[in-house]
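Colleague: Sequence and predicted structure are below.
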Amino acid sequence: MAGGLSTDLYELTMAAGYHAAGEMPRASFELFVRALPASRGFLVAAGIEQAVEYLESWRYTPEDVAYLRSLPALAGAAPGFFDDYLSRLRFSGDVWAVGEGVPVFAGEPLVRITAPVAEGQLVETALLSTVLFQTMIASKAVRVVEAARGRAVVEFGGRRAHGTEAAMYAARAACLGGFRATSNLDAGCRFDLPVSGTMAHSWVMAQPDELTAFRRYLDVHGRRAVLLIDTYDPLAAARSIVEAGLRPGGVRLDSGALGPLSRSVRAILDAGGCAETQILASGDLDEYRIAELLGSGAPIDGFGVGTALSTSWDAPALSGVYKLVEIERNGVVAPLMKRSPGKQSLPGAKQVWRAGAPDAAAGDVIGLPGEPAAGRPLLKPVVRNGERIAAGPPVAELQAVCHAAVCGLPAAVRALRDPAAYPVAVSPGLQQLVSRMTATSPRFDPALP
């Protein structure tokens, strides 16, 4: 897991400043996304479990402290900052978070941290990268699953991910979002995910001929095996399979015009007594291409999705931020807000309530925690005084939660293209607080950030 150095330098320079001032007031920070990507009607929260794991293990080792002591930017820090403070530092705060697999929208806090101000500041970078990355991938995954119309989708993106750690967490987020399995063994082992794989073109090319490659593979792996048939000529490969009396569990097409090819291969397999052999497709697929293929009637039974998913290539980053929203001063908690044009934030610790039945979301309200509100509160306590409250559920359970919650959104909000806006309102109490705090600042627009 990432450690204390998984942060930006300015977090340490600020911590040194708090330490020098002898002030460590409790403060609250919130992590949220300013705006949805243009192609997304919603996001799916993910990565909360890894964020909690990070906070549990967060510390500065002797080697970390020695490195920080050597930095010119921290030369003004007192020796006690390194020896007494950083060396003994552990996360001691409280965390509230949205459940993984729950749809979220712009401006809604996914995570709220309340802790001594330097602690809350020092964990910012790791929390942002952890939560935003998996949220981005899970949000892409549910779109792919929706496009597949109940057909199995497998995550194939490890080799195109931005490093092996990203590959592992992308696989977790993909399965949370509804993918049936992953090809990534690291993720399968760590998160108890189903794993799946076929063969590469190199296997076929390394054998004396294509039919020998197929036979040898089936001899080892049996009739559940999936044969890759487009190394040379996919139609000739399909004919050789049926003529040789082979009965693989599936065949995979990885290139070419997948719609026409799948129809031709289906006809060959059916005529040759292989009606139970499934056709799987892969090769630079995303939700748009899958929807197009199935809309054209392509007889494809499942899909492998890689690059488009593990990099979320149409929306590869989220406008996520982590903002200070309140701080304790002289025993009184004071709400805070950022007023920079275009980067405003709503003040005070907040809760999000979702109206409607669990299977039919009707709209959200962002408000102050103590306000009376209708609907279900989305932010729940997950860490108290630095201690985890409960173990996170397994990914299989999160997948079911995600599926039910996403299906409960209006169909227009789930649309792959030009999704409708989901109603998110600011509560009366929060509106009044914003008005009081911005009375002397006409530049600030108290709309949702």
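Modeller: Good, I have the coordinates.
Colleague: Walk me through which strands the top strand by length along the chain pairs with, and which way each runs.
Modeller: Longest strand of the chain, by residue count under DSSP state E: strand 320-329. Sheet pairing of strand 320-329 (DSSP bridges) gives strand 26-33 (antiparallel), strand 332-335 (antiparallel).
Colleague: Do I have it right that Asp284 meets Thr307?
Modeller: Yes: the pair Asp284 / Thr307 is scored as a contact, 6.4 Å apart, by C-beta atoms under 8 Å. (C-beta placed from N, C-alpha, C; glycine too.)
Colleague: In terms of neighbours, single out the busier of those two.
Modeller: Per other C-beta atoms under 10 Å, whichever of Asp284 and Thr307 has more neighbours is Thr307, with 17 against 13.
Colleague: List the buried residues for the longest strand of the chain?
Modeller: Buried residues in strand 320-329, counted by 16 or more other C-beta atoms under 10 Å: 320-327.
Colleague: could you pull out the helices for the stretch 251-400 of the chain?
Modeller: Secondary structure of the stretch 251-400 of the chain (DSSP state H, counting those that start in this stretch): helices at 258-271, 287-295, 307-310, 395-407.
Colleague: Identify the residues contacting the very next helix or strand once past the last one?
Modeller: Looking back up the chat, that one is helix 395-407. Moving toward the C-terminus from helix 395-407, the next helix or strand (DSSP states H and E) is strand 424-426. Residues from elsewhere that reach strand 424-426 (C-beta atoms under 8 Å, 6 or more residues apart in numbering): 105-108, 346, 363-367, 434, 446, 448.
Colleague: again, 7 Å this time
Modeller: With C-beta atoms under 7 Å, 6 or more residues apart in numbering as the test, strand 424-426 has contacts from 105, 107-108, 363-366, 448.
Colleague: buried residues in the next helix or strand after that strand?
Modeller: Counting by DSSP H and E, the next helix or strand C-terminal to strand 424-426 is helix 428-437. Neighbour-count burial for helix 428-437, counted by 16+ other C-beta under 10 Å, picks out 429-430, 433-434, 437.
Colleague: ok, so of those, who is nearest Glu146?
Modeller: Closest approach to Glu146 among the buried residues of helix 428-437 (C-beta to C-beta): Leu430, at 32.6 Å.
Colleague: Spatially nearest residue to that closest one (excluding sequence neighbours)?
Modeller: Of all residues not flanking Leu430 in the chain, Gly367 sits nearest, at 5.1 Å (C-beta to C-beta, 6 or more residues apart in numbering).
Colleague: and the one you found, how many neighbours does it have?
Modeller: 24.
Colleague: And for Gly17?
Modeller: With other C-beta under 10 Å as criterion, Gly17 counts 14.
Colleague: hang on, it in a helix?
Modeller: Yes: assessed by DSSP: H, G, I helix; E, B strand; the rest coil, Gly17 belongs to a helix.
Colleague: what residues are up against it?
Modeller: Contacts of Gly17 (C-beta under 7 Å, 6+ apart): none.
Colleague: What does the nearest residue to Ala16 once chain neighbours are set aside show for phi and psi?
Modeller: Nearest residue to Ala16 in three dimensions, chain neighbours excluded: Ala77, at 4.0 Å (C-beta to C-beta, 6+ apart). Main-chain torsions, Ala77, degrees, to the nearest 10: phi -70, psi 140.
Colleague: thinking Ala77 is in contact with Tyr18, fair?
Modeller: No: using C-beta atoms under 7 Å, Ala77 makes no contact with Tyr18, being 10.9 Å away.
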